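Trainee: quick one, what's the 3D model for this:
(chains A, B, C and D)
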There are 4 protein chains.
Amino acid sequence: MAIKIAVNTWLFALRFTDERVALLDSVRDLGFEAVEISLMEPGDIHGRKMRGELTRRGLTCSSVAVICGEGRDLRGTAEEQRAALEFLKGCIDTTADLECGLLNGPLYSRVGRTDAKPTDPRQEQLRIVADHLRTLEEYAQKRGVLLAIEPILRFESDLINTCAEALELIALTGSPRLGVHLDTFHMNVEEANPVLAVVRAGDKLLNLHAADNHRSAPGTGAFNWQGLRDALRHIGYDRFVTIEAFHPDAPDISFPAAVRRKQLPTNADVGRRGLAFLRALFAE
Amino acid sequence: MAIKIAVNTWLFALRFTDERVALLDSVRDLGFEAVEISLMEPGDIHGRKMRGELTRRGLTCSSVAVICGEGRDLRGTAEEQRAALEFLKGCIDTTADLECGLLNGPLYSRVGRTDAKPTDPRQEQLRIVADHLRTLEEYAQKRGVLLAIEPILRFESDLINTCAEALELIALTGSPRLGVHLDTFHMNVEEANPVLAVVRAGDKLLNLHAADNHRSAPGTGAFNWQGLRDALRHIGYDRFVTIEAFHPDAPDISFPAAVRRKQLPTNADVGRRGLAFLRALFAE
Amino acid sequence: MAIKIAVNTWLFALRFTDERVALLDSVRDLGFEAVEISLMEPGDIHGRKMRGELTRRGLTCSSVAVICGEGRDLRGTAEEQRAALEFLKGCIDTTADLECGLLNGPLYSRVGRTDAKPTDPRQEQLRIVADHLRTLEEYAQKRGVLLAIEPILRFESDLINTCAEALELIALTGSPRLGVHLDTFHMNVEEANPVLAVVRAGDKLLNLHAADNHRSAPGTGAFNWQGLRDALRHIGYDRFVTIEAFHPDAPDISFPAAVRRKQLPTNADVGRRGLAFLRALFAE
Amino acid sequence: MAIKIAVNTWLFALRFTDERVALLDSVRDLGFEAVEISLMEPGDIHGRKMRGELTRRGLTCSSVAVICGEGRDLRGTAEEQRAALEFLKGCIDTTADLECGLLNGPLYSRVGRTDAKPTDPRQEQLRIVADHLRTLEEYAQKRGVLLAIEPILRFESDLINTCAEALELIALTGSPRLGVHLDTFHMNVEEANPVLAVVRAGDKLLNLHAADNHRSAPGTGAFNWQGLRDALRHIGYDRFVTIEAFHPDAPDISFPAAVRRKQLPTNADVGRRGLAFLRALFAE
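Mentor: Next comes the predicted model:
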């Protein structure tokens, strides 16, 4: 097994567009060989040209990360569902154009929808989402793209917060190829035991986002990284561990309070130190 | 040293009012000897009468917890600052009427204000808040009430997220009696090392909120409780450890997604199991 | 699943004999419902009579623990092997007489044999031991007794230190019923990840010895008890968690330096606090 | 603060002598800039010549580690006390000749003496040891060498197992310069909380031995390295973190069972991976 390390573009900017292609130089200069592109709109990048830019720098696009924003929600109004489907299909297309095999994120709902009430028809919502995910998975399959859904913490969604809930939703879809995408920052809040969450994900795990408990570089905080490493080895994981950490240096990042403090001086420090720590952690 | 265990009323209802006095029976029946009252409005309870209700049940009010909601903000507009000051003075009065010696919470700003930008005049905000806290502390002192400020996580405030930031704000006030109030749920996200955060708080620590990483009963999740216990003993802490955990059973709880999942069947289970675990943890 | 808590007699005395039957009163008075008897010699207790003494006090013998001392070694000289076999058969008989269904311990070798050299014929030793264990397991089966082997730390044996090594030895025996017996004190030194060691043991796990990292009461030290609890639940464990902790109060305990320090005032404190902590930890 | 990383010669051989000077090439080739020399006999190396060999390779001797073997014991018979004093003075001389400023180890007694009984005159033993340590410290001071005593686990000594006990012994000596030398492998067994043990040591801490819980490379096991890092920063530690790990590759290592298993293929792997992990951990 050889675990590979990638970095998400959010460390450098909220919105990665063709104009910001120089950001890839930073990725390469920090020593990464792969990048996860956070795609805010399918048209933000021209997939095939960007593929060339990546290749020119010796980089791979290991995955594309997406979130559904305002107006897009697979469990929303009919209009929101339609908009989300269209958006996600566009993202699948761009992912394929990038010759990247994985699209991941909290695909199931709008990020920021957190107003669930005990009386909400949760099972009905899950069924609707599962139907849409099956449709999307079939679409993605034709383009050679895998989909993985990411549980996120309660402050960002009330639908899927844990690995167990993600696995239940996947079971509802009946799709054998839909995967799970875990994130250490979210697991640290929602999972009673992150090591066992990884064990339960098993071969459904297609990507892992790495940030320490305070969302800065892996290894600089309190998250149990050695336990995570052991769990990934236990399940024979050989895909990417993707640093998705934040720093105020990134222009236009506007997530609520996610990035006010500078735990490290610059965003380059976050990338550099995270990469060194994960390489040492996963050395063989 | 003898650490005592209390429970916050939010386990039973968002808004504790005179009409909900029966909630105290639940507190007592679960085996608690002390309760922290979450006061949403100063007039929600008649302090002196409630004191009688507590005494009748053999209960103590160990602290009063408050949050500033919409329209109240010590770093807000002039009107918001005035409203917050008036609100907090009212809460101090009720606390004193309850013969309770401690008022705590994220007093420094409105909960939910999380839109800080790098260009915000943070130092100026802190200075304004520090001035108000000094005023409030003097008011509280006359009523025999201590104040403690609680760092909370980035999704609820962008001003004070860590113990170190709380200590800096306290230093700005110049008040020797203003204390810190830590919460394990928030520390789990924001502190690089919760054990050392407690060590740094030292004798400024006046209360400790206890919930596990997923905000259910202490001991049911992944938080390092043994380390917390050791840290509290290291600093000679002999005040209350207050369970502030959540469960969908509580009527009217409306915090964003804080309480959707039932990690335990009922809110009584959360209280019962949390109390048993903390008693075993802090046994002497 | 309901995990039950027992206590090993070593908390009260090294050698438990018919004369020391009053020790069972201490076990019961501390609130335990089951006891693990450490059997130093098969003749130390009259199995059937002791069964009556247990019943009279409302106690169960959940398991019998044995170690091979000087002159007894399943991988020793021919004479040592013979002596060990005879000893262990005697222990199986006493276990059956106690109407107890489990005999466990580091059956595979003499405790204290730690002088392995790289040139030692380790595989040959394991094969010899495996043959003996199969013989013993068949003997035990006829008496209705299960056998479980306990990995112990390097200072006490050089043969089987980890769960993985115990599972390899069990595989060598070809016996489907031979089980594993893990001990938190030993795991804390030898296992790269105790949570995953339990996961790997799975349904082979027949007993679990509980002591904190410094071998005093569970919960008073640094061992990750919440992780252990989660792992046991993950594998559906419903057998005993047996406190095997030490205190200088126990007369005749002579293990090297295992018990010099008093982390707690009395051995009764160790039992009482360990039981309260484990009950709170495993509450449902 | 800049923490520096060294490695103990025991990773390469039990006995480091002038004949084994080539071992220093391995130290340097692995990327270390400093080495801790385990000195079995003062005459094993010619201090001044070895200093030249170190300099030639760009290496520093950060500390000399010693243990008292058979016949040497500061709390032994009169003859054992005399022999230990003579041995330790010789080691101080060699340390000074190496232009090294620190001699550390479990100086207080023979390693392997673990037969304490509750009736032993422990306080009298500590007083005798304290007197000898004061004498040695004065001798060392004249040579520009600091002394630090290392608590070790119960299987190797029954006198000083914890940081608190080391600090008590130091207080008994009345010497303001005598320091503490902690070891993660030993702390993992004996300290109820290793983070707080480091905090308590404070500015008395003169060296730190690093091995993971199973005594292989730091970062490959279960020890809480991030907590250790935070604790060292909390006390402003700026001395060496010294890898003292073991591997069967080292010729003549004969500690009981300390090194049977190969957690990593070679001892060079232990050095390389430990160094990379600690560098990433302590990066600034």
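
Trainee: residue ranges for the strands of chain A, please.
Mentor: Counting by DSSP state E, chain A has strands at residues A:4-8, A:34-38, A:60-65, A:102-105, A:146-149, A:179-183, A:205-210, A:240-243.

Trainee: what mean pLDDT does the fourth one have?
Mentor: By that I understand strand A:102-105. For strand A:102-105, mean pLDDT rounds to 98.

Trainee: that strand - contacts with which helices or strands?
Mentor: Where contact means 3 or more C-beta pairs under 8 Å, 6 or more residues apart in numbering or on different chains; DSSP states H and E, strand A:102-105 is packed against strand A:60-65, helix A:78-97, strand A:146-149, strand A:179-183, strand A:205-210. For every residue, glycine as well, the C-beta is placed using N, CA and C.

Trainee: same list, those, but as CSV with distance to C:G236 please.
Mentor: Listed next are the helices and strands packed on strand A:102-105 as CSV, based on distance: least, C-beta to C-beta, whole Å:
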stretch, distance to C:G236
strand A:60-65, 35
helix A:78-97, 38
strand A:146-149, 27
strand A:179-183, 22
strand A:205-210, 22
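
Trainee: let's have those in a markdown table, adding mean neighbour count and mean pLDDT.
Mentor: Below are the helices and strands packed on strand A:102-105 laid out as a markdown table (neighbours: other C-beta atoms under 10 Å in any protein chain shown; pLDDT from 0 to 100):
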| stretch | mean neighbour count | mean pLDDT |
| --- | --- | --- |
| strand A:60-65 | 25 | 98 |
| helix A:78-97 | 19 | 98 |
| strand A:146-149 | 24 | 98 |
| strand A:179-183 | 25 | 98 |
| strand A:205-210 | 26 | 98 |
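
Trainee: let me have the strands of chain A in a markdown table, adding distance to A:E53 as columns.
Mentor: A markdown table is the format used below for the strands of chain A (distance: least, C-beta to C-beta, whole Å):
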| stretch | distance to A:E53 |
| --- | --- |
| strand A:4-8 | 16 |
| strand A:34-38 | 11 |
| strand A:60-65 | 10 |
| strand A:102-105 | 19 |
| strand A:146-149 | 23 |
| strand A:179-183 | 25 |
| strand A:205-210 | 22 |
| strand A:240-243 | 19 |
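
Trainee: on that earlier part again, which one of the helices and strands packed on strand A:102-105 lies closest to C:W225?
Mentor: strand A:179-183 (24.1 Å; C-beta to C-beta).

Trainee: sorry, back to before: nearest to chain C among the helices and strands packed on strand A:102-105 would be which one?
Mentor: Smallest distance to chain C across those (C-beta to the nearest C-beta): 15.5 Å, for strand A:205-210.

Trainee: pull the residues that contact that closest one.
Mentor: Outside strand A:205-210, the residues within contact range by C-beta atoms under 8 Å, 6 or more residues apart in numbering or on different chains are A:8, A:36, A:62-63, A:102, A:104, A:146, A:148, A:150, A:179-186, A:198, A:218, A:228, A:232, A:235, A:237, A:239-245, A:274, A:278.

Trainee: got the CA positions of it in PDB?
Mentor: Provided in PDB are the C-alpha atoms of strand A:205-210 (Å, rounded to 0.1, in the frame of the first residue of the first chain):
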ATOM      1  CA  LEU A 205     -13.700   4.900   1.200                       C
ATOM      2  CA  LEU A 206     -12.600   6.900  -1.800                       C
ATOM      3  CA  ASN A 207     -11.000  10.000  -0.400                       C
ATOM      4  CA  LEU A 208      -9.900  11.400   2.900                       C
ATOM      5  CA  HIS A 209      -9.800  15.100   3.800                       C
ATOM      6  CA  ALA A 210      -7.100  15.900   6.300                       C
END
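
Trainee: give me the sheet partners of that strand and which way each runs.
Mentor: strand A:179-183 (parallel), strand A:240-243 (parallel) (DSSP bridges).

Trainee: much appreciated, bye for now.
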